[in-house]
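> 3D, please:
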Amino acid sequence: MSYAAVEPDDRRAKRNVAVLFFAQATLGAQLPIHIILGGLAGAELADNRALATLPISLTVLVSMCTALPASYLMGRFGRRAGFLIGALCGSLGGALSAWALLADSFELLLAGAAFTGIYQSVQGFYRFAAADTASEAFKPKAISWVLAGGLVAALVGPEIVRATGDVFSRAPYAGAYAAVVIINIVGALSFAFLDIPAPARGPAGALAGRPIMEILRQPRAIVAVLCAMISYAMMALVMTSTPLAMLGHGFSSDHAADVVRWHVLAMFGPSFFTGSLVARFGHLRIIGVGLALLGACGIVALAGVAIENFYLALIALGVGWNFGFIGATSLLATTHTAIEQAKIQGLNDFLVLGLVTVASFGSGALLNLYGWSTVQLAMAPALLVACVAVVWLALTKRPDRHDHAR
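Numbering: from 1, shown residues only. A predicted model of the protein is given here:
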């Protein structure tokens, strides 16, 4: 009887998940393109080579700053409108970046990076949208399956760079940025099939529901936001400096690229079953395993700098991020109602991206000043805080249906 009651909703949710998986796989491919080319294009155009990576940094910074406005926009006009605006900004980012290379303008490249940051901020809400029409039992799987689209994007993006980067002979990389425009057009078409109603609003048009601080006072909300922040930021901390660390220890750029490739596979590959694990074992256990794997990454990396250590550490890092981040995201989905989602989801992503920005900037500085081992040791305090939070919630919370196997 209960199965029949939720089946219609889950049919709708599964259609939405299919749309969002496609969007994540297609539109998401532009992010690896920008990551691969941002520094290279910056080095081509910047007068000061120290500014070469500024386009990538600007993308992350703008993404953080626009998370809250993007969430409130979707709370007012719905997911489809927000996602279409994100795709439009992605197209503008690709077009401006291609134009920058053709016109030899670093300023235009920075403008393109800023619009890409807006797209990146909006893309972060695909995972939340997957849960909007899902039953409680299906929410972890829906979130997980949408994030699995990132695996396709991570594999397709570099191939697009390889196939289109030299289309314009007088402007290397411009062809790949032009391809980003096409990617956004194709991906945006899928949103015509998205079936997610806009959240209800109060009589004066304001977002209804509890105040944001009341939502955040829930222990589950605190732990979900904290663990999402730490899982993502610690992954960024280590991943950002890995290629430089490998080159510094005598490995080639091809070795570094292969290690990063396996890391990306480890990040997104488990998404096909992480949601089922959350549904089976509960949010806190999966978050705990994720945090343990992030810690294992540091232990393996501290044990040596052989090629095997880099492979094993980065694979553990990827799976740890997957379990920690998906577990925390699905836990957050149990703390608010539909009319409250814009408030808490926007704040969550603002805080997550803020700490990721700090970790990304700090990673290179730690590596240059103190070495690879210090990068690993820097994870310890944050992981300890997250582990204490998970144990505290497990020991003090009242049992509820969200954290037990069904």
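> so G209, which of the three states?
Secondary structure assignment for G209 (DSSP: H, G, I helix; E, B strand; the rest coil): coil.
> then P199?
P199 is classified as coil under three-state DSSP.
> tell me how far it lies from F325.
24 Å (CB to CB, to the nearest Å). Placement of C-beta: from N, CA and C, glycine included.
> can you list the domains in the chain?
7-191, 210-406 (automatic domain parsing).
> mean confidence for the shortest one?
Along domain 7-191, the predicted local confidence has a mean pLDDT of 89.
> sorry, back to before: which one's more surrounded, P199 and F325?
F325 (26 against 20; other CB atoms under 10 Å).
> how many other residues sit next to the closest residue to the more buried one other than its chain neighbours?
Spatial nearest neighbour of F325, excluding adjacent residues (CB to CB, 6 or more residues apart in numbering): S231 at 4.6 Å. Residues within reach of S231, counting by other CB under 10 Å, total 29.
> buried residues in the helix or strand containing S231?
Using DSSP states H and E, S231 sits in helix 219-248. Buried residues in helix 219-248, counted by 16 or more other CB atoms under 10 Å: 220-221, 223-243, 245-246.
> how far is stretch 328-337 from where the chain is centred?
Using CA atoms, centre = their mean, to the nearest Å, the mean C-alpha position of stretch 328-337 is found 16 Å from that of the whole chain.
> which residues outside it are in contact with it?
Residues from elsewhere that reach stretch 328-337 (CB atoms under 8 Å, 6 or more residues apart in numbering): 127-128, 131, 136, 139-140, 143-144, 209, 215, 218, 220-221, 223-225, 227-228, 231, 275, 278, 283-284, 287, 343-345, 348, 400, 402.
> how about F251, secondary structure?
From three-state DSSP, the assignment for F251 is coil.
> mind checking pLDDT for it?
pLDDT, F251: 86.
> give the contact list for it.
Applying CB under 8 Å, 6+ apart to F251 gives the contacts I307, F310.
> going forward, the N-terminal residue is numbered 50.
I'll keep to 50 as the first residue from here, and by that count the last item is F300.
> center of this protein - which residue?
G173 (5.8 Å; CA atoms, centre = their mean).
> mind listing what that residue touches?
Each residue near G173 by CB under 8 Å, 6+ apart is listed here: S112, A116, D398, L402.
> could the residues you listed go into a markdown table alongside secondary structure, neighbour count and distance to I105?
As requested, those are arranged in a markdown table below (DSSP: H, G, I helix; E, B strand; the rest coil; neighbours: other CB atoms under 10 Å; distance: CB to CB, whole Å):
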| residue | secondary structure | neighbour count | distance to I105 |
| --- | --- | --- | --- |
| S112 | helix | 26 | 11 |
| A116 | helix | 26 | 18 |
| D398 | helix | 29 | 18 |
| L402 | helix | 26 | 14 |
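> dump the residues you listed into CSV; add distance to G411 as well.
Formatted as CSV, the contacts of G173 follow (distance: CB to CB, whole Å):
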residue, distance to G411
S112, 17
A116, 20
D398, 20
L402, 15
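> what separation do you get for the residue nearest to F71 when sequence neighbours are not counted and A136?
Excluding its sequence neighbours, the residue lying closest to F71 (CB to CB, 6+ apart) is S239, at 4.9 Å. Using CB to CB, S239 is found at 10 Å from A136.
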